[in-house]
Structure formats: C-alpha cells, structure tokens
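Undergrad: Got a predicted structure here, sequence first:
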Number of protein chains: 4
Amino acid sequence: MNQGKPPFWYSETGTSHEFHNFSVKACLFMGRTAFQDVAILDTYEYGKMLIIDGRTQSAEDDEYIYHEALVHPAMLTHPNPRQVLIIGGGEGATLREVLLYGSVEHVVMVDLDRELVELCQKLLPEWHEGAFEDPRVELLCADGKAYVEETRSTFDVILIDVCDALEAGPALSLYTESFYRQVRERLRPGGLLVVQAMELSGLDYKDHLAVRDTLLQVFPLVRSYTTFIPSFWAEWGFLVASDGPDPAVLSRDLLLERLSARGPAAGPALAAQLDFYDADAHARMFTLPKDVKAILNHEVPPAEAPPEGPSGVS
Amino acid sequence: MNQGKPPFWYSETGTSHEFHNFSVKACLFMGRTAFQDVAILDTYEYGKMLIIDGRTQSAEDDEYIYHEALVHPAMLTHPNPRQVLIIGGGEGATLREVLLYGSVEHVVMVDLDRELVELCQKLLPEWHEGAFEDPRVELLCADGKAYVEETRSTFDVILIDVCDALEAGPALSLYTESFYRQVRERLRPGGLLVVQAMELSGLDYKDHLAVRDTLLQVFPLVRSYTTFIPSFWAEWGFLVASDGPDPAVLSRDLLLERLSARGPAAGPALAAQLDFYDADAHARMFTLPKDVKAILNHEVPPAEAPPEGPSGVS
Amino acid sequence: MNQGKPPFWYSETGTSHEFHNFSVKACLFMGRTAFQDVAILDTYEYGKMLIIDGRTQSAEDDEYIYHEALVHPAMLTHPNPRQVLIIGGGEGATLREVLLYGSVEHVVMVDLDRELVELCQKLLPEWHEGAFEDPRVELLCADGKAYVEETRSTFDVILIDVCDALEAGPALSLYTESFYRQVRERLRPGGLLVVQAMELSGLDYKDHLAVRDTLLQVFPLVRSYTTFIPSFWAEWGFLVASDGPDPAVLSRDLLLERLSARGPAAGPALAAQLDFYDADAHARMFTLPKDVKAILNHEVPPAEAPPEGPSGVS
Amino acid sequence: MNQGKPPFWYSETGTSHEFHNFSVKACLFMGRTAFQDVAILDTYEYGKMLIIDGRTQSAEDDEYIYHEALVHPAMLTHPNPRQVLIIGGGEGATLREVLLYGSVEHVVMVDLDRELVELCQKLLPEWHEGAFEDPRVELLCADGKAYVEETRSTFDVILIDVCDALEAGPALSLYTESFYRQVRERLRPGGLLVVQAMELSGLDYKDHLAVRDTLLQVFPLVRSYTTFIPSFWAEWGFLVASDGPDPAVLSRDLLLERLSARGPAAGPALAAQLDFYDADAHARMFTLPKDVKAILNHEVPPAEAPPEGPSGVS
C-alpha cells in the first residue's frame, strides 16, 4: 500500500553525527523495568533485537557471533572449567554457550534486572534455548558488584556481559578498578576473566582502551580481541584478563584437541556445536592489525581520538 | 543514558523525497488485521497515533480538529439531522461528534475491519469516549460499498471517513463514481455527503482534485474545504456534496443560532462542546486562497503538478 | 542504480521528538557567513530552499505564499504606502512584493548579513526577480536594531522578516519590547508594523504568543493571522501591529478596490500579479478557529502547552 | 542555534530495511558526470567521503584500511612487481599504495570517468598525495573492459577497484567471466589479480560469493579475504586470483622480509609507510571464521540467505 520507506524504525545513535536505522517488523515489548528502558523488536534485517537504553544488546541473526566470541576463548584456554560466574547476560545466550561444556558443574548467573531476565526467558527462546532450566544453573537477580563482594565462592571463568560503560547507568560500577580487584579475588588459580568491551577499531577505541587500562591496574595479563558483528555495524572488542593463562598463545593443536574433546556430556563435540568459533576464528580475533595495536600501545596521539565518541570510564 | 536522538521512530512517507518522523514513546499495538497493517503508538509530540498501512489516521492531540471539521459543517447545514451513516471511522470519534446532536435518532456505522474497531474500542478511549455504547448506534463490520448497495435505509448525512484513496487498498472502491451514485440514492431530500479528501494546498492537490471531480459527476453541488492538521503536517481537504444545501453559503447568523440551539439532549449546547469548530472556523475552512481556487477551477497547468505525488483515483 | 531511498537529506528539527526530511537534488551553497550557517539546496519536493542555522527560511515552490502573506495585508490596509522599511528579508522576495506598489517611493532594506544577501542575489533569482536593481531600493547591510535607533526616517509600513526568535542567534534583539518601541517611533501616522511570527496552531503557539504579548506592550492594536506553508509543514503565524489601521476589519469591497487600483506604475493591476493573496485569502488568514483564539486569549491552561516546544522570547 | 540533530545528512541504504546516516559538515561537490552521480562531502565522523550513485567509495579517515588491504597482499605475494594495471581507483589512493614499491616501473590506471578523476585530483589530495604526478603513471580515461581487450601489455599485478556490481551501472561488465578471462590473458607468469569484492560476513555475502564463483570459472586459485572498514559499517571482502602464487600461504618470515626490503627508491621501508597493513593484518584478513568459510564452501542453505540483500551478478 504505502510505497515509500517502511514506517517503523529503530535508530541507534553512534554519536550525534552518525546513526543507523533498522526497520521494525513487530514490537514484542517496549517499556521500562526498574532499571532501564527495554525494547524487544522484530526487525527485517536481523530478526529479533534486544535494545536497552537505546542500544542494541544482541540480535537474533548474529548473536551467535557475539556470544561464541565472548565465551569460548576463555573457556577453551582454561584446562578444565568447572565453576563459572556470569554477571549480566540477561538473554541467557552466554549461559547457553557455557553449558555446552560437560566439565561445567555449576554456573552462577547474576543479573540486576529480574524483569529483563523474565522478558528474555519469555520472548527470546532462540537465545537461551532453555538454558535457564539446566540444573547446573543458579540464577540470582541481584547487583553483580554486591554479589562479588559478598560471595565466598570461587570460579574458573568469570564472564562480564553487561551494557556498555556509559557515563551513567546501572552497569557503571562494573567497569571500575575496585570491582575488578574483587573479581580477581574470586578467581581460582588459573582462572580467567572476560569482559565485553565495546568497539575497537582504528577509528573507535576510547571506551575499550579505558576498560583495558583499568584491567591492567589489576591483572598482569590482559588481552584485547575483536570480531565484526553486523548488527552492531562495528568491530567489537572483548578483553580477557588473568594471572597467567593466555588465549593469545594457546597452540592451535591444543585448541583443536579441546574443541574435539570437550562438549556436552551427551551429544556431539563442541566443534560440531559452534557456528562462528573455531581455531581460525580464535586466531583471527587475537591477531590485530597495525593501527589497533598502535592504539593499544598508546602510540596514537590524542588528536587522533574521534571528537564526539561517547566518553569512557576512566 | 543514550544521549543521542530517541531510538524509536514512526516515519511517515510523503513521497519518495519527503518524510516526517515522530518519536515513539510506547507501542500499544503493531500487527496486521485481515485487511491492513495497524499500529497504535504513543508519541511524544502528538500522544497516541493510529497508523494504518504506514499512514497516520488520527492523533490524540489534534483529532479534535480533524473530526470536528469532518462532521459539523454538514450536520449544521442540515436543518434537522436524524439519520446518519458513517462509513469507516473506526476510531469512533466521528461517531462521537455525530452523537452530540440530540436530533440524531440513529447512526449506522459500517467499518470493514472488525479487528481494527475492537482495537480502537480498547486502546483509544480518548477518541470514542464511549460512543459505541450509545443506544442510537448500530455498528456493522462489513463492506461499506456492499452495505450501501443493499440497504433500504436512507440518511440525512452520510460521512465517508476511510483511508486515503491510494492505488490499492481496501478503501479504493469507496472513491468511485459508481459508489457515489449509490450513496446519493441513500440520501434523503436535503441530505449531505461528506468525504475526507486528502491534502489540498497550492502544492499538493492531485488526489483531492480526483475525488472532487468524481463527485462532480454525481452531485450538482460539491464544495471543497480545508484546515491545517498538525500531525498530518498538511492542510487537509474535505468534500461536501449534495443536491442543494450548501455549507459555503450558510449564513453566520443561522450557524450561530444552530450552534446554540443544538447539542446533547441533556447538557450544554453544541457551541460549548467543541474545541476547534465555531462560526469562524467554518468561514475559514470554506474560504480558500487564490491558488487553491485556481486548482479547483482547473486553471493550473499540468506542468505545475508535483512530479512525484502519490497517484490519484481517476 | 541505488534502489533505496535517496542519499542526501536536509532534516529539519521540530523538537527533539519530531523532524522532517527533504531529499536534496543539488547543493548550491553550504557554509558559514560571519553571522550564521547558510545552505542553499535544490530539493525534489520544493525546489531550491534557503536554510539558515538548520531552519528553512523559504522554498522556491511556496515562497509566494509566505511573502504575499507577509506583505500584502499591511500594504493594502494602508491608504497610500510610500515609504517602506524591511528588516531582514535577505532573499529579496519581500522587497519584490513591496515594489509591486506604484505608490512606493522608497524602500530601505536592512539585513545584517551581507554575505547572505549576496548569496541570495546570485543564487535565488526566482525570489528577488531583480528587485535589488530597482532605483527605489536602498540596501543596507547593517544591524536592524542599530538602524532603527539611529535613523531619522519614518515609514508607512515596516516589515520584520528575520529568523525565528530562538534562545540565541543574531535575530534575538529584533523580538524585544525595546526594539518594538523604537520601531513604533519610526512609523508615520497610520503606519503598520508586520512581523513574521513563527508557528501558530492549536498545538504549537508558544513562540508566537510570546512575540504577540511583547508587541501588545507597545501597540494598542495587534492582530495575529495565519496561513499554511507546505515546506514549513506548519500553519505559519504573522503579526500586524499599529496605532489604528486594522487589517482584520478592512472591508472586502475596499480590499477589492485597492487590489484593482494598485499595482506597478506600468503593467497589470496588483490583483493580476498575485498567486496566493486575494480577498478570500485575506479573510481566511484573519479568521481564526476557536482553539487558536482561545490561545491568543490566554484561555489555554499551561498544562496544555507542548512539553518540548522550542522556548520563546519572553 | 538549532539544538536538534544536525540538518544535513548522507544516508546510505543497505537494503530497504536498513540504512546508515552520516552528518554532513560541508558539500564539496554534488553533481552528475557523464557516467554517474558523484558527491564529495565533508562529514563530521569520517572526514571527506566520496559517494558514487549513493554509495560510499571511501572516506578520508579510514581509506588507509581499504587501500592498504586492497593493494599489499598481492603486491607482497608477487616476488617482484614491476608492471601494474589499476582499473578504476579514481581517488588515486590505490595508485598511491602501488607507487610505494620501488620495483614498480610502470602503472597503467584506466578509469572510465574523466570528470570523476579530475574531481578527485582537485578535491581529494589526502587520497592521492600527488600520485598522479609520478612519472611511472600512465592515466587513461577509458573503458576498462575495452582496454583489457585491446592492449598488448602484460602485468604482474592487476587491481580492479570499481563500484560494487549492482544490477546496472557502468561497472557491471567488469564483474563478468568474459572480462576475467581477458584479464587473465594480460597477467604475466606469476601474476595476481585483485578485485574489491563487497561485503563478506556470516550475514551478508551474496554479492561476494557471486563474484568469487565467477572468478573460479577462470582461475585455479581464488582467495577471499576480509577486513572491517568503519565508514562502510561492514566487514569488507576482497578477492585475489592467480595461477599460482597464494597470499594465504605466504610465510610470515617472507612477508616480514619483504616489508623491510621493499619500499620507495628513496625513503623508509614499506613497513614504516603503512598504517593498517602488517604481517598480523595479513594473517587476520586471510584467516576466516567458521561461518564465512561455510558460506564460501557453499554449505549454507539457501534459506539462510538474507531476504532482501541486493542481488548479485550471476
């Protein structure tokens, strides 16, 4: 009927001078929880999208890239991950990936926003695929920082999968040095911390660099890695920190062996379960081009910084 | 949190070279009925909006202008309107305005789309204000053209309040000469037909003119009138057709008298019930500037027509 | 080639929750003068558009409406306009309309921005039609407020055709009571002041009302009048102020007589020179609907004010 | 002044359901050459951008990524590139990168559109950096296909840097099997062909795959490689084809050696001249994640294809 452009749009702001528009097919939810503005929309290009405070968290068609990239480098670097902590990750897809490991005995997932988790449980089954029902899962709707301060448990892998560190917002305290110090206390020997860490490219890196530098105050080894995520229209950065194990130097042979040896207690090996991640994806993500390495080495003069990027954490 | 532009937008296309964007606060409904795509959104600028097939039907904050302009010129020109037919008008606001007349004994409202009417009944109480409950109302969810062909009833005023006549769509048959001939058969002596008739300005008039010319094949007297409707970002046209009574020459004194004398059986006079319409509004709407009169007189050469306006009906 | 939407757009912001997009065919100028950001774009829908500080000043296809509405009500109300002052009006189209009167002996046009005037002279011949060459014209590139303070000349009609009164910007001082007092000093007996005065509709009126109320501090008679201007996607307000002559009560017969009797020294009468303005357009513009009158009478409670309208002047 | 969003935008369409908006600071050129619509805009986020037929060709701030990725893998795989042919590449930046090799004796650059090349020479000095003045360069404004058919010259490296293969447009014939057969005739022994080859990610690959499959009809060895380019908001694909030399298996040691040994006749080695490309960037680009390899191996079922991607070439 209407021959023009489609009528309903989700418009994600990059800076005040750049934005990206997604045409909306259906609105599954739009409202405010106690903590944040949440929308779950079905889009023509990327399927369902979860949007918090106006920013894409993940999209049905490419969340496999984001969640496999977040989870598997650390999980495969660890010799035998049994206890895992997820902070955030309301969609349940980080949980889903962690549960692929038969070695995992217990996963604590701490998300601040119960309403959000319930919306995801109800409306995003393609993400969690029933992960919340797994008996190994302990779901806590609580403040991640308080949990880490108070718990006596320790973990092999800790995954921080929360909203970007913007100037305000509930996730801000989860990007601080004091928080990372407490997280480090909760890692078992040989344990690894993973943090989703915003855009990282030769042009857009300030937020990532701020988080990376904060982690370097706490951990002797911090690695940045990146992959392109289409619905984020960006190369996305992740950080893995530890007192020793280093995903960047994990041998290809060992990685391949673990991809074959690990997996669900029943069913095909991990290698057969994944869509994005394999030994090549691992190598690609940890092998950064010259401009990005220069940024991480602080060789880029301040004048090169984009003038209007959202401000970081430091 | 997100300091950029708001994330959710309804974008109404004018032509492929012009569109208008409304920021969305909440999504009350988005889906497809048996006949059309329907959305009911809450917007920051105009309150709730009803959108069909990507085009605004009416908005909470200024629907009073549209519906008062549609209903009262004909109702006040008629000496004693008792039987009224509304075709379309799913929001119930045309009905609401008609029911303000104590003289009205019976209103038949025929809307094709039962699901749409039920959505409006549930989600747009600010429009209908309970009008559907009035015992004088007979609501039929049926094809307006078939109803007019088959009914034996006759009416003092017939109001056609349906979607714009685009190249396709359920309303197309309601803009044809054959339909208007049947409508004329259903008018009582002295009766008037009103048709919502799309934009009418010195720059945008093709659709209105096509409908006006079609009506002139059937009725001896056809008047165009217009008013600005903010949420339509346009000067909107209406057409009133009859075999005699002419709203354009109704005397101001008679109009004022009727505004005082008419109204609900109980309660204040009509004059006190209206927000937009009064004798001045009536005079303004029927007094057209030189460029618009030239268009209606077919004095505007074809070369002046906008190159990409949506095509008309003829 | 590119089958999507056109690539280049001028997006005019209404509020942070509403904007309007015009597809751009060509860019004739984009840059900054000493005073303001100026763009002259050719658009598909409205021809060339002059845009200052991101806001449409006028468009080729409908500037006739704006400029005829601005100039003729006051010029025809005055019994014999000979001396005219224009403040602003860089496009030269206000000047063009004033020069249609053979009675006019001298027009002083004072525009702050010489670069803007030169751009308009060069790039907008459809607007000025050579008006700047008329020997009756005295063009001054100077501050309008300073000119009015310092000049000893007096005028029959003064037209203020400057940018909207926003919180900042060069035009701000031209919307103050002190300025209007000085303007009144420069009016000859029977003289009239006209001010372009922003949107005026039942939903959008705050800026207009602020200017109107300021004028009422200075002049005994102030009239608001409005007309729809398509490229402004708005009903536009104008104000005429005087110590006596009242365009709102000018008789239709006298208006028709003057439209026939006045005009260029050589050539057809004024009535034949105009596209928008005639006696009906005059009547329409000064006959306001009930909601707008209620606003002008301060009957509208503050709660009805739109939440995010641009702030006014007061 | 205007506190809303910026007024001028370049909107790049992905599909009818996705687009990306860049705020425009200045318009350096907007018009049509004999062959295509060309715009050169200065943007706030990416500096100057060259836009042809509504699609970004390259942007000042990240063209180094695109052009280094296009040129160096093949140039460094070749043992001694002396004769180079560039088809397209109007910006002059592909030329700039090729001229970094002291071994290069002669570069023929064939671009269809003389007006475009002249615009780039004048307005994009940051791209070409004077490359057109190098005495080794022979610039021909001619049809690349005709040139390849008619020339008797042969080349060590041929770079095809033309607009995307859309359904129509001047570049279409440069994506055909017959053209690639002629190109192969013009390669010297050990020569390599490089083709810029549109998006390549797990979600967007149809155009790339079509070009890859066409090349496989002609060349025994065809490699896809990719890198993220911010202003393209995409992971971009390139193709290198040859009868033997394979950039994907070039040893890291040999690559490092060549980066040190090669470079301008006078001045620092190539390794010191590049901003994006180094041995890690090379490895990253040729190491593709699992989903992309599955696409290239035709393991992805048709149902996975995005429903509205722009159609390919086949």
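TA: Nice, thanks for sending it over. Just so you know, these numbers come straight off a predicted model, no measurement behind them.

Undergrad: From chain D, how far off is residue A:217?
TA: 26 Å (C-beta to the nearest C-beta, to the nearest Å). C-beta here means a position set from N, CA and C on the backbone, and glycine is covered the same way.

Undergrad: Can you report how many residues lie near that residue?
TA: Neighbours of residue A:217 under the rule other C-beta atoms under 10 Å in any protein chain shown: 11.

Undergrad: Please apply the same query to residue A:172.
TA: By other C-beta under 10 Å, neighbour count at residue A:172 equals 17.

Undergrad: Model confidence score at it, please.
TA: For residue A:172, the pLDDT comes out at 81.

Undergrad: Now do the phi/psi pair for it.
TA: Residue A:172 adopts backbone torsions of phi -60, psi -40, taken as degrees, to the nearest 10.

Undergrad: Kindly report the same for residue A:212.
TA: phi -60, psi -50.

Undergrad: Distance check, it against chain D.
TA: Shown here: residue A:212 relative to chain D, a distance of 18 Å by C-beta to the nearest C-beta.

Undergrad: Tell me how many other residues crowd that residue.
TA: 21.

Undergrad: Quick check, it in contact with residue A:222.
TA: Yes - in this structure residue A:212 lies within contact range of residue A:222 using C-beta atoms under 8 Å: 6.0 Å.

Undergrad: which residues are common contacts for the two?
TA: residue A:239 (C-beta atoms under 8 Å, 6 or more residues apart in numbering or on different chains).

Undergrad: Does residue A:50 touch residue A:57 like I think?
TA: Yes - the criterion here is C-beta under 8 Å, and residue A:50 meets it with residue A:57 at 4.4 Å.

Undergrad: list residues touching both of these two?
TA: Common neighbours of residue A:50 and residue A:57 (C-beta under 8 Å, 6+ apart) are A:90, A:91.

Undergrad: Write out the residues of the stretch 151-300 of chain A neighbouring chain D.
TA: Proximity of the stretch 151-300 of chain A to chain D, by C-beta under 8 Å from any C-beta of the partner chain, involves residues A:201-204, A:227-228, A:230, A:233-235, A:274-278, A:280-281, A:283-284, A:287-291, A:293.

Undergrad: mind showing which ranges of the stretch 51-200 of chain A have poor pLDDT?
TA: Scanning the stretch 51-200 of chain A with the threshold set as pLDDT under 70 gives A:165-170.

Undergrad: residue boundaries of the strands in it?
TA: A:55-59, A:83-88, A:106-111, A:137-141, A:155-161, A:187-199 (DSSP state E, counting those that start in this stretch).

Undergrad: Can I get the ones you listed in JSON lines including mean neighbour count and distance to chain B?
TA: Formatted as JSON lines, these follow (neighbours: other C-beta atoms under 10 Å in any protein chain shown; distance: least, C-beta to the nearest C-beta, whole Å):
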{"stretch": "strand A:55-59", "mean neighbour count": "24", "distance to chain B": "6"}
{"stretch": "strand A:83-88", "mean neighbour count": "26", "distance to chain B": "15"}
{"stretch": "strand A:106-111", "mean neighbour count": "22", "distance to chain B": "17"}
{"stretch": "strand A:137-141", "mean neighbour count": "16", "distance to chain B": "20"}
{"stretch": "strand A:155-161", "mean neighbour count": "26", "distance to chain B": "18"}
{"stretch": "strand A:187-199", "mean neighbour count": "23", "distance to chain B": "14"}
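
Undergrad: Let me know which of those strands is the nearest to residue B:85.
TA: For residue B:85, the closest of these is strand A:55-59, at 48.8 Å, according to C-beta to C-beta.

Undergrad: Report the inter-axis angle for the closest one versus strand A:155-161.
TA: Interaxial angle, strand A:55-59 versus strand A:155-161 (axes from the mean of the first three to the mean of the last three C-alpha atoms, to 10 degrees): 120 degrees.

Undergrad: check contacts around the residue nearest to residue A:142 when sequence neighbours are not counted.
TA: Closest residue in space to residue A:142, ignoring its immediate chain neighbours: residue A:110 at 5.6 Å, by C-beta to C-beta, 6 or more residues apart in numbering or on different chains. Shown in contact with residue A:110 (C-beta under 8 Å, 6+ apart): A:85, A:86, A:87, A:88, A:140, A:141, A:142, A:143, A:144, A:147.

Undergrad: again, only this time at 10 Å
TA: For residue A:110, the contacting residues are A:85-89, A:138-148, A:151, by C-beta atoms under 10 Å, 6 or more residues apart in numbering or on different chains.

Undergrad: any idea how far it lies from residue A:97?
TA: Using C-beta to C-beta, to the nearest Å, residue A:110 is found at 17 Å from residue A:97.

Undergrad: cool, and residue A:34?
TA: Taking C-beta to C-beta, one finds residue A:34 at 28 Å from residue A:97.

Undergrad: Phi, psi for the residue in the stretch 151-300 of chain A positioned nearest to chain C please.
TA: As assessed by C-beta to the nearest C-beta, chain C sits closest to residue A:233 within the stretch 151-300 of chain A, at 16.0 Å. Here is the backbone geometry of residue A:233 (degrees, to the nearest 10): phi 40, psi 40.

Undergrad: how many other residues sit next to the nearest residue to it once chain neighbours are set aside?
TA: Nearest residue to residue A:233, sequence neighbours excluded (C-beta to C-beta, 6+ apart): residue D:233, at 3.9 Å. Number of residues near residue D:233 (other C-beta under 10 Å) recorded here: 22.

Undergrad: Off-centre distance for the longest helix anywhere in chain A?
TA: Identified as the longest helix of chain A according to DSSP state H is helix A:63-77. Relative to the chain's own centre, helix A:63-77 is displaced by 8 Å; criterion: C-alpha atoms, centre = their mean, to the nearest Å.

Undergrad: Secondary structure element holding residue A:19?
TA: strand A:18-32 (DSSP states H and E).

Undergrad: meant to ask about residue A:257
TA: Going by DSSP H and E, residue A:257 is in helix A:252-261.

Undergrad: which parts of the very next helix or strand once past that helix are buried?
TA: Per DSSP H and E, the first helix or strand lying C-terminal to helix A:252-261 is helix A:270-273. For helix A:270-273, the neighbour count (16 or more other C-beta atoms under 10 Å in any protein chain shown) marks A:270, A:271, A:273 as buried.

Undergrad: which of these are close to chain C?
TA: Filtering the buried residues of helix A:270-273 for proximity to chain C by C-beta under 10 Å from any C-beta of the partner chain leaves nothing.

Undergrad: shaky segments in the stretch 201-314 of chain A?
TA: For the stretch 201-314 of chain A, the ranges with pLDDT under 70 are A:301-314.

Undergrad: all strands of it, in order?
TA: A:221-229, A:234-242.

Undergrad: and chain B, which of those is closest to it?
TA: So among those, strand A:234-242 is nearest, using C-beta to the nearest C-beta, at 15.2 Å.

Undergrad: between the closest one and strand A:221-229, how big is the angle?
TA: Using the same axes, to 10 degrees: strand A:234-242 against strand A:221-229 is 160 degrees.

Undergrad: just how off-centre is strand A:234-242 within its chain?
TA: 8 Å.

Undergrad: Neighbouring strands of it in the sheet, and parallel or not?
TA: Strand A:234-242 has the following strand partners under DSSP bridges: strand A:187-199 (antiparallel), strand A:221-229 (antiparallel).

Undergrad: As CSV, the ones you listed with distance to residue C:26 would be great.
TA: Putting these into CSV (distance: least, C-beta to C-beta, whole Å) gives the following:
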stretch, distance to residue C:26
strand A:187-199, 35
strand A:221-229, 36
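
Undergrad: These: which one's closest to residue C:28?
TA: Nearest of the strands paired with strand A:234-242 (C-beta to C-beta): strand A:187-199, 36.8 Å.

Undergrad: which residues touch residue A:32?
TA: A:38, A:39, A:53, A:115, B:26.

Undergrad: Now the fourth one. Nearest residue, chain neighbours left out?
TA: Closest residue to residue A:115 in three dimensions, ignoring its sequence neighbours and counting by C-beta to C-beta, 6+ apart: residue A:33, at 3.9 Å.

Undergrad: what does the last one give?
TA: Counting by C-beta to C-beta, 6+ apart, the nearest residue to residue B:26 once its immediate chain neighbours are dropped is residue B:42, at 4.1 Å.
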